[in-house]
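Participant: predicted structure and sequence below. I'll ask about it afterward.
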Amino acid sequence: MLSATGTALHPGVRLALQPPELSPVTRRRSPRVLFLCTGNSARSQIAEALLEERSGHTLEARSAGSHPKVLHPNAVRVLAERGIDIADRSTKHLRRFARMHFDYVITLCDRVREVCPEFPKHPRLAHWSIPDPALEGDTDDATYRAFERTARELESRIGFLLPLLTAPDNHEETAHA
């Protein structure tokens, strides 16, 4: 009953002792997630890397922006402190992914939400309004703290997203999508 109650509230709070291994015969395609923000220099890059890392690289995540900028050094720094290297990643325009199929498209800022194109096969859409950490702080230290806050918030949200993406029901649904 406890497990059923947790699952009814949110898949992230279900009681799971050990996730069942899927045999190669029953294994389904993993859900694909696209994170979008304006510059693709911080928030969406952090979210992409965190989802990949937290899923053990079993989920496919991508990121893009409506007006890509250079990857912010503090985005690289906060992830490096978590053991994740994104220093060699490039920023990408959202047009690059406009014809690709994603199961979830998550906008991370209000500006990109307004210009988000329609994607094939109608992915699930979510909006996480997260302030741009590059615009916060008068000093590098203050800006870094804003990036750290952003990374912690994204870690928390991704912690709740992962069970939705890895739930057995989701595999069935995305396999037929």
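Facilitator: Nice, thanks for sending it over. Residues are numbered from 1 along each chain as shown.

Participant: ok, residue 69 - how many residues close by?
Facilitator: By the criterion of other C-beta atoms under 10 Å, residue 69 has 13 neighbours. In this view, the C-beta of every residue, glycine as well, is placed from N, C-alpha and C.

Participant: can I take it that it is in a helix?
Facilitator: No. Under DSSP: H, G, I helix; E, B strand; the rest coil, residue 69 falls outside any helix and is assigned coil.

Participant: isn't it up against residue 93?
Facilitator: No. In this structure residue 69 lies outside contact range of residue 93 using C-beta atoms under 8 Å: 11.0 Å.

Participant: which residues do these two both contact?
Facilitator: Taking C-beta atoms under 8 Å, 6 or more residues apart in numbering as the criterion, residue 69 and residue 93 both touch residue 40.

Participant: any idea how far residue 32 is from the nearest residue to residue 115 once chain neighbours are set aside?
Facilitator: Spatial nearest neighbour of residue 115, excluding adjacent residues (C-beta to C-beta, 6 or more residues apart in numbering): residue 66 at 5.2 Å. In this structure, residue 66 and residue 32 are 20 Å apart, going by C-beta to C-beta, to the nearest Å.

Participant: same check, this time on residue 54
Facilitator: Where residue 32 is concerned, residue 54 sits at a distance of 16 Å (C-beta to C-beta).

Participant: can you check residue 81 too?
Facilitator: Residue 81 is 28 Å from residue 32, by C-beta to C-beta.

Participant: one more: residue 73?
Facilitator: According to C-beta to C-beta, residue 73 stands 28 Å off from residue 32.

Participant: go on, residue 112?
Facilitator: 18 Å.

Participant: out of those two, which sits in the busier spot?
Facilitator: Using other C-beta under 10 Å, the more surrounded residue of residue 112 and residue 32 is residue 112, with 23 against 19.
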